[in-house]
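*Asks:* sharing a sequence plus its predicted fold:
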Amino acid sequence: MEGQPTDPTAAPAAAPSQAARVAGLLQQLTRAGALRTLDHALAQSLRRLDPDTPDAVLAAAALALLAVASGHAGFDPSEPQRLVDAAVDWPTPDAWRDALQASRWVAMPDAGDAASAADAPLVYEHGLVYLRRYREYERRLADGLRRIGRALPAGLAHGGECPDVASTPGVPAGLAPLFARLFPAVPSPAEREKVPPTGADERAPVDHQSRAAAAALGHNLLLVTGGPGTGKTTTITRMLVLLVAQAREAGKAAPRIALAAPTGRAAERMAESVRTAVKALPALGVEPALCAQLPTTGTTLHRLLGTIPDSPRFRHHADNPLPFDVVVVDEASMIDLPLMAKLVEAVPDGARLVLVGDPDQLPSVEAGDVLAGILSAARSATDDAAPDPAAAAPVAISAAAAPVDVAAAAARADTSPARGRGRAEGAGDGALPSAATAPNFPARHIHLTRGYRQSASLDLAPLAAAVREGDSATALSLLRSGELSGVHFHEGDTNPLQSHRDHLLEHWTALADGNDPAEALARAARLRILTAVREGPQGARGLNARIEDLLAGTRRGAGPASTASRYFHGRLLLVTENSYRHRLFNGDIGICLRDDGGSLMAWFPGDDPHNPRPFHPAALPAHDSAFAMTVHKAQGSEFDAVWLVLPERFNRVLSRELVYTGMTRARSVLHVAGSADVITEALARHAGRWSGLGWRLGAGADASVHDTPATVDGTMQGSLLIRSGSPASGTNR
Ligand SMILES: Nc1ncnc2c1ncn2[C@@H]1O[C@H](COP(=O)(O)OP(=O)(O)OP(=O)(O)O)[C@@H](O)[C@H]1O
């Protein structure tokens, strides 16, 4: 108030203070229906314990819990509208930070790798508000990954033999002939000598598959990524042969190898691909004795770690590590933060961990986006180490790069002062650590880009590439052109159950034709409707209800006798929660069939794909129908024919990762039903998550809050999050 006298002793404040403005925050969120009962209950219990707790802190606690349910590791108070799009009078980030820093409920650890105080349920770190348990998962995961990556592989341990890298870069001389047989595209030393230094081989495409295998010989933590059919499993199989041969060279027993994946179906697919790749090895001149050492079966991560009935803990952990020397995990993009933390802690000292996945797929359903965080740090390791070719992790061991002493490179990674566990300056008050003090991350990452799978019936690659890049003009033009074999665009059709009723019903009624559960489960995988959302007219729930009504009206046995009977011969079921007691997990698919005695049982795949396990339907954990399912739930599975049904109007759950993941579930035929506008809007958005894992692992500041997938050699597949968009909502998955 200009011109008015001021009383220096008066309390400041004519305008309402920030604290007063935020006073009604929790109430506003509740009124807007933004919080779940659980979120609200957490805030209320803190208020009961300390009635003076500011509203901003109570709201931050509720939103941190909501963020986890929406797939984030923590909550970012600088962008609350990404989590809640209701009209709310949000506090400024500064006001929020001040309230959090002053609160007894909020811990601010001294450094990213320091445990947080056990008596504070919240942690405020590096700009994110975490529930303490999730911050600890992140910290433990980062610690575990560094432990694995820093250890030298058994063959390279001190006193062990250092590989002779003169013949094939990164590959010991004794393994060079086998390496050349496994990767015939890599020129032999003699061939290389014939080519002038600036010759054609320098311009030849880099064989990333051989790089990945060579990297595994010298490093314990390996990330192999790529889209469908880029040869990830083929590469892993050949890499495992090399590891077996490496052990034999060193006079040691063959390594104990585990193949695992987050879901049973994904584990089964991986084992199937490994078996196929192994069968091709003798033709390359690989000794059958080496092939015989490779695993022929895969397992779920839950089975690998050993579930304990009615407990989230596993039998294997840091004090009772897994009895394996090499753990290969497929579909790593699906693994959430708690599970990845538990897996990494259970990997024994000195063992190898190989994470395989497609970084362009949707992040895990549960909290995390772990793979993206790890990749962002692996990429940063490349950039940071630029002057030292040996330390330029992912390209160090390369047919095209200068020879590298892998043991020395690994040792340097372990001892360089810049890579120690220095305290991250300012990390305790939400500031960024300096790049110099951020611990470096000793992972090796190879991204495979060349597609090898030739499907006569489905030409998906150009469309998948356009979707991945967010290029909606090209994607729509390809869809409309009709020139991609096996790809059908039903533009503007949001009701395929009506427009293609007979074709679809024929598939589902056929499920009820036999009594053999294994056969019926295999048949069920031939076609699936995939949706972006769970609720609404194009949501999985509504479509399943309509399909069951349609089946009830058919005369071929399938379908409920009445709409009141929930279980019927031929009903497909989708488990929606983990049940350690049943050994049934979120995403498992089963089928209801009558057994010989006429009783209706629900059959789910078991360890042996030929012998599904029967359950009484009333005894099952939470489940839905599975004729239609969300893309999120279909991750890790493939179907011969996929109908990707997009919502009529844009929904915040849509993203290019969702469309890409949905499309790439198809093996032979892809139908896309939706409008051009919705596709365009979906491709403009990324499914990013709030996470501090990249920062914790030593990635640059940019990777701190929104970890994004990255890769090496400049082959990055796009990746900036669209900050104005909203992240995927947990309620639709
Ligand atoms: N270097 C190669 N040369 C020739 N064919 C290859 C090569 N690598 C892989 N393939 C073939 O490409 C196909 C896909 O390979 P693979 O199953 O290893 O890919 P993937 O990336 O694991 O696929 P997905 O993501 O679907 O599991 C297989 O038929 C395999 O034999």
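*Replies:* Sure, I can see it.
*Asks:* C-alpha from now on. contacts and neighbour counts both.
*Replies:* Fine.
*Asks:* low-confidence ranges, the stretch 151-300 of the chain, go.
*Replies:* Applying pLDDT under 70 to the stretch 151-300 of the chain flags the ranges 154-170, 185-206.
*Asks:* try 50
*Replies:* Along the stretch 151-300 of the chain, segments meeting pLDDT under 50 span 157-168, 195-204.
*Asks:* that one against the ligand: which residues are in contact?
*Replies:* Contact residues (C-alpha under 6 Å from any ligand atom) of the stretch 151-300 of the chain with the ligand: Gly227, Pro228, Gly229, Thr230, Gly231, Lys232, Thr233, Thr234, Ser273.
*Asks:* who's in contact with the fourth one?
*Replies:* This points to Thr230. Neighbouring residues of Thr230 by C-alpha atoms under 8 Å, 6 or more residues apart in numbering: Leu448, Thr449, Arg450, Gly451, Tyr452, Arg453.
*Asks:* okay, and the closest residue to Glu648 other than its chain neighbours sits in which element?
*Replies:* Leaving aside its sequence neighbours, Glu648 sits nearest to Thr494 (C-alpha to C-alpha, 6 or more residues apart in numbering; 6.2 Å). For Thr494, there is no enclosing helix or strand under DSSP states H and E.
*Asks:* what's the distance between Thr494 and the ligand?
*Replies:* Noted for Thr494: a distance of 28 Å to the ligand, by C-alpha to the nearest ligand atom, to the nearest Å.
*Asks:* can you check the pLDDT for that residue?
*Replies:* On pLDDT, Thr494 comes in at 85.
*Asks:* ok, Asp98 to Glu491 distance?
*Replies:* Distance from Asp98 to Glu491, counting by C-alpha to C-alpha, to the nearest Å: 51 Å.
*Asks:* oops, could you answer that again for Phe324 instead?
*Replies:* Note on Phe324: its distance to Glu491, by C-alpha to C-alpha, is 50 Å.
*Asks:* just Ala602 next, same as before
*Replies:* When Ala602 is compared with Glu491 (using C-alpha to C-alpha), they lie 37 Å apart.
*Asks:* between the two, which one's more packed in?
*Replies:* Set Ala602 next to Glu491 and count neighbours by other C-alpha atoms under 10 Å: Ala602 wins out with 28 against 14.
*Asks:* grab the nearest non-local neighbour of the more buried one.
*Replies:* In space, Ala602 is closest to Cys592, 4.2 Å off (C-alpha to C-alpha, 6+ apart).
*Asks:* now that neighbour. Its backbone dihedrals?
*Replies:* phi -90, psi 130 (degrees, to the nearest 10).
*Asks:* contacts for the strand ranked longest in the chain, please.
*Replies:* Identified as the longest strand of the chain according to DSSP state E is strand 666-674. Identification of contacts with strand 666-674 by C-alpha under 8 Å, 6+ apart yields 455, 457-458, 486-494, 496, 638-648, 663.
*Asks:* what does stretch 467-484 give?
*Replies:* 360, 458-460, 462-463, 466, 487-489, 656-657, 659-660, 676, 679-680, 683-685, 717-718.
*Asks:* that one: which residues count as buried?
*Replies:* Residues of stretch 467-484 classed as buried by neighbour count (16 or more other C-alpha atoms under 10 Å): 467-472, 474-476, 478-480, 484.
*Asks:* what's the answer for stretch 144-151, then?
*Replies:* By 16+ other C-alpha under 10 Å, the buried positions in stretch 144-151 come out as Gly144, Leu145, Arg146, Arg147, Ile148, Gly149, Arg150, Ala151.
*Asks:* now the last one. Nearest residue, chain neighbours left out?
*Replies:* Once its chain neighbours are removed from consideration, Ala151 has its nearest residue in Gly350; the separation is 5.7 Å (C-alpha to C-alpha, 6+ apart).
*Asks:* please name the nearest non-neighbouring residue to the residue of the stretch 251-400 of the chain found nearest the ligand.
*Replies:* Residue nearest to the ligand within the stretch 251-400 of the chain: Ser273 (5.4 Å; C-alpha to the nearest ligand atom). Using C-alpha to C-alpha, 6+ apart and skipping the chain neighbours, the partner closest in space to Ser273 is Thr233 (6.4 Å).
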